[in-house]
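> Sharing a sequence plus its predicted fold:
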Amino acid sequence: MLTGAKFSFKMGPVRAAWALLSLAPLFVLGVPPIWTQPEQVHLSYPGEPGSMLVTWTTFNKTESKVEYGLLGGRLFEMTATGDATLFVDSGEEKRKMFIHRVTLTGLKAASTYVYHCGSNDGWSDVFFFTALNDSTRFSPRFALYGDLGNENPQSLARLQKETQLSMYDAILHIGDFAYDMHEDNARIGDEFMRQVESIAAYVPYMTCPGNHEATYNFSNYRNRFSMPGKTESLWYSWNLGSAHIISLSTEVYFYLQFGLELLFKQYEWLRKDLEEANKPENRAVRPWIITMGHRPMYCSDDDQDDCTTFDSYVRRGRNDTKPTAPGLEDLFYRYGVDVELWAHEHTYERLWPVYGDKVFNGSKEQPYVNPKAPVHIITGSAGCREKTDRFNPNPKEWSAFRSTDYGYTRMHVVNSTHLYLEQVSDDQYGKVIDSIWVVKEKHGYSSWF
Ligand SMILES: [Fe+2]
């Protein structure tokens, strides 16, 4: 008995410890962490001069405030408030997050502001941005690319540093983010948005959707970004300097399960937007019309994508739908679109001015001086887990320059007649491997003839 009593006395604490250990997961599940700290801060330009929109994420509900002030002035002397929307990811865990949006207004053009965002439950780091100059004589500089992922984001460090050195006024991300934002119950989206914060919290990060955003009907894309207009960032336009920039979804041509009507709605919106931009009083002050969409109309890659076919859906539309769906090439040509920016192919390709599969150079010696058709650039090699693509060894005559290096494009809209484009190779440590000046004394449909 004595031995037994001793034995049970010895086992008591051990059993108790086991019992506690077996309950441990319950304690963990029972007390979730408090997540009121802002993260994933990014900017976008709402299209109204003197404004800037700050978007960020918290995992618990908090107020949405931005405190800001002019650089060199009193810190946080102004406050703007906004709202948060609840985004529930459609993955198994149904993860919830609050996306906060605050619009700053009345900003002085070209002035630099210091800001942080959050609430009294937690503030972000301190960031800065320069309010966009709304003058039509302003010469904005852009970095642009598509297909940047969470894994293997090769150009990211260079882009971060150049953005923080104030080399760009805005960034254009032409679809395909994170690879993919919905994965791991949208944790890949969270991590990607943290990765690009060091760019996107300093300059407007303007986007369009790509095929990698399609899961759950583009819900991660539609919820996380805050582009102008009321289309959940799917298509919109905005002005900067002497440029009118149109962002569109090429994906409406491919994911018909989310609604063929989207394709027609966008087409109609594009037509109206282009008509408005072409009114003589508008085109006179913003002569450059630049489009950005994810999947190109033309490309020389060997992957059988839409752009490798003569009957590209984006270019020529679809005749297997009821009613048949118009493509974008004729529309853009009719309204004198100057430059068309694309991605999706994990390469860089510059085309000679092209329309209807034919080259329309300005002249033999100066193809981009008064070109007789739109100029296409395909820049989808920023870096992602799918690596780079390969080219067809026999490109068509409209293919002017090709590179499989990782990299991105810079664009400088200098004035109403001159626009400069160059390609940066990250593989070659930032070397500029291609550049052109597009010079146009006239813009619009009549400039083709
Ligand atoms: Fe893509």
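Thanks, I have the structure now. Residues are numbered from 1 along each chain as shown.
> What's the local residue count around the residue of the chain found nearest the ion?
For the chain and the ion, the shortest gap (Cβ to the ion) falls at residue 344, measuring 3.8 Å. The way it works is simple: take the backbone N, C-alpha and C, and place the C-beta from them, glycine included. Using other Cβ atoms under 10 Å, residue 344 has 29 neighbouring residues.
> Let's verify it: helix, strand, or coil?
Three-state call for residue 344 (DSSP: H, G, I helix; E, B strand; the rest coil): coil.
> ok, it - contacts?
146-147, 175-176, 210-211, 250, 294-296, 305, 307, 378, 380 (Cβ atoms under 8 Å, 6 or more residues apart in numbering).
> Let me have these in a markdown table, adding secondary structure and pLDDT as columns.
A markdown table is the format used below for these (DSSP: H, G, I helix; E, B strand; the rest coil; pLDDT from 0 to 100):
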| residue | secondary structure | pLDDT |
| --- | --- | --- |
| 146 | coil | 98 |
| 147 | coil | 98 |
| 175 | coil | 98 |
| 176 | coil | 98 |
| 210 | coil | 98 |
| 211 | helix | 98 |
| 250 | helix | 98 |
| 294 | coil | 98 |
| 295 | coil | 98 |
| 296 | coil | 98 |
| 305 | coil | 97 |
| 307 | helix | 98 |
| 378 | strand | 98 |
| 380 | coil | 98 |
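> These also near the ion: which ones?
Residues of the contacts of residue 344 in contact with the ion (Cβ under 5 Å from the ion): 176, 210, 211.
> what about burial for those, which qualify?
Among those, those classed as buried by 16 or more other Cβ atoms under 10 Å are 176, 210, 211.
> separation between the last one and residue 147?
Translated: residue 211. Plainly put, residue 211 is 10 Å away from residue 147 if you go by Cβ to Cβ, to the nearest Å.
> Name the residues contacting each of those two.
Counting by Cβ under 8 Å, 6+ apart, the shared contacts of residue 211 and residue 147 are 175, 176, 344.
> one step back: most neighbours among the contacts of residue 344, which one?
Of all the contacts of residue 344, the highest neighbour tally under other Cβ under 10 Å goes to residue 146, namely 33 neighbours.
> Closest one of the shared contacts of residue 211 and residue 147 to residue 290?
Using Cβ to Cβ, residue 175 is the member of those that sits closest to residue 290, with 15.4 Å.
> Show me this protein divided up by domain.
Domain assignment for the chain by automatic domain parsing gives 39-130, 141-448.
> Could you pick out the residues of the stretch 151-300 of the chain near the ion for me?
By the rule Cβ under 5 Å from the ion, the part of the stretch 151-300 of the chain lying against the ion is 176, 210, 211.
> Which per-residue confidence value corresponds to residue 30?
If you check residue 30, the pLDDT there is 73.
> So it versus residue 184, what's the distance?
24 Å.
> Could you do residue 250 as well?
Relative to residue 184, residue 250 is positioned 26 Å away (Cβ to Cβ).
> Per-residue pLDDT of residue 17, please?
If you check residue 17, the pLDDT there is 55.
> Then residue 52?
At residue 52, the predicted lDDT confidence score is 98.
> hey, what's it bridged with?
Note on residue 52: beta-bridge partners by DSSP bridges are residue 104.
> residues in contact with it?
Going by Cβ under 8 Å, 6+ apart, residue 52 touches 43, 44, 45, 46, 103, 104, 107, 113, 129, 131, 132, 204.
> Can you flag the buried ones in the residues you listed?
43, 44, 45, 46, 103, 104, 107, 113, 129, 131, 132, 204.
> Please settle this for me: is the first one part of a helix?
No. Under three-state DSSP, residue 43 falls outside any helix and is assigned strand.
> Could I get the contacting residues of the closest residue to it other than its chain neighbours?
Counting by Cβ to Cβ, 6 or more residues apart in numbering, residue 204 is the residue found nearest to residue 43 once chain neighbours are left out, at 5.1 Å. Shown in contact with residue 204 (Cβ under 8 Å, 6+ apart): 43, 44, 45, 52, 132, 169, 170, 171.
> Residue 204 and residue 401, how far apart?
Between residue 204 and residue 401 the computed distance is 28 Å (Cβ to Cβ).
> In the sheet, which strands lie alongside the helix or strand harbouring residue 205, parallel or antiparallel?
For residue 205, the host element (DSSP states H and E) is strand 205-207. Sheet pairing for strand 205-207, assigned by DSSP bridges, gives strand 170-173 (parallel).
> Pull the distance from the strand it pairs with to the chain's centre.
With Cα atoms, centre = their mean, to the nearest Å as the basis, strand 170-173 stands 6 Å off its chain's centre.
> Could you list every helix and strand that the next helix or strand after that strand packs against?
Next helix or strand after strand 170-173 toward the C-terminus (DSSP H and E): strand 177-178. Identification of packing neighbours for strand 177-178 by 3 or more Cβ pairs under 8 Å, 6 or more residues apart in numbering; DSSP states H and E yields strand 148-149, helix 183-200.
> do the first one and the ion meet?
No. Residues of strand 148-149 contacting the ion under Cβ under 5 Å from the ion: none, with a closest distance of 10.7 Å.
> contacting residues around that strand?
155-156, 173, 176-179, 192, 196, 382-386.
> Repeat that for stretch 185-198.
Stretch 185-198 is contacted from outside by 39-42, 57, 89, 91-93, 95, 97, 148-150, 153, 156, 160, 163-164, 177-183, 200, 205, 220, 224, using Cβ under 8 Å, 6+ apart.
> List only buried entries from those.
With neighbours counted by 16+ other Cβ under 10 Å, the contacts of stretch 185-198 contain buried members at 39-42, 57, 89, 91, 95, 97, 148-150, 153, 156, 160, 163, 177-183, 200, 205, 220, 224.
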